[in-house]
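> What follows is a protein structure lacking sequence information:
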C-alpha cells in the first residue's frame, strides 16, 4: 500500500487552498460591495457575520467547519441567484455567485478527499501495529524454544 493512495493528500491540500482563497475573496467582495453601496451597519452584519463565525475552524482546517461552510454557501447561493436574476447587468452578484460555487465545490472536495486520506492513514497505521505485534509474538515464540 502506498503512502498516499491516489494522491489524496495533494488533492485535499489543493482543495483546501482553493477553498481558503475563495473564502477570502468572497468576504472581501461582500465587504467592498457593502462599502460602495453605503449600506447601514445591520446590512454589513447580515452579510459578513455568517462567514466570520467560521473563521477559526477554517483557519485550523477542521472538517466540521468546512462542512458548515458548505451549508452557509447554500444560503449565499440562494440570495445571490435572486440578486443576479433581478439585476443581470450588475457586477457584484455575478462575481460573488462564481466565488460561492467555487467555495462550495472546493470545500466539498476538501472534506471528501481529506476524510478518505485520513482513513487510509489510519488503515496503514493499524496494519503496521498488527505487523509489529506479529513480529513480537514470533520473536517471543522463537526465544522460548
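Great, that's in hand. Every value quoted in this text rests on a predicted model; they were computed, and no experiment measured them.
> C-alpha only now, for contacts and for neighbours.
Will do.
> Roughly how far does residue 19 sit from residue 41?
Distance of residue 19 to residue 41, given as C-alpha to C-alpha, to the nearest Å: 27 Å.
> Comparing those two, which residue is more hemmed in?
Remark: of residue 19 and residue 41, residue 19 carries more neighbours, 26 against 10, as counted by other C-alpha atoms under 10 Å.
> Quick check: that one touching residue 100?
No - contact criterion C-alpha atoms under 8 Å: residue 19 and residue 100 do not qualify, at 9.8 Å.
> all helices for the chain, in order.
Using DSSP state H, the helices of the chain run over 8-37, 41-52, 55-60, 63-86, 91-144.
> Now mean pLDDT too, for those, in JSON lines please.
Output for these, formatted as JSON lines (pLDDT from 0 to 100):
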{"stretch": "helix 8-37", "mean pLDDT": "93"}
{"stretch": "helix 41-52", "mean pLDDT": "89"}
{"stretch": "helix 55-60", "mean pLDDT": "91"}
{"stretch": "helix 63-86", "mean pLDDT": "95"}
{"stretch": "helix 91-144", "mean pLDDT": "86"}
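> mind listing what's buried in stretch 104-124?
104-117, 120 (16 or more other C-alpha atoms under 10 Å).
> Look up how far residue 84 lies from the closest residue to residue 11 other than its chain neighbours.
Sequence neighbours aside, residue 113 is the residue nearest to residue 11 in space, at 6.9 Å (criterion: C-alpha to C-alpha, 6 or more residues apart in numbering). According to C-alpha to C-alpha, residue 113 stands 32 Å off from residue 84.
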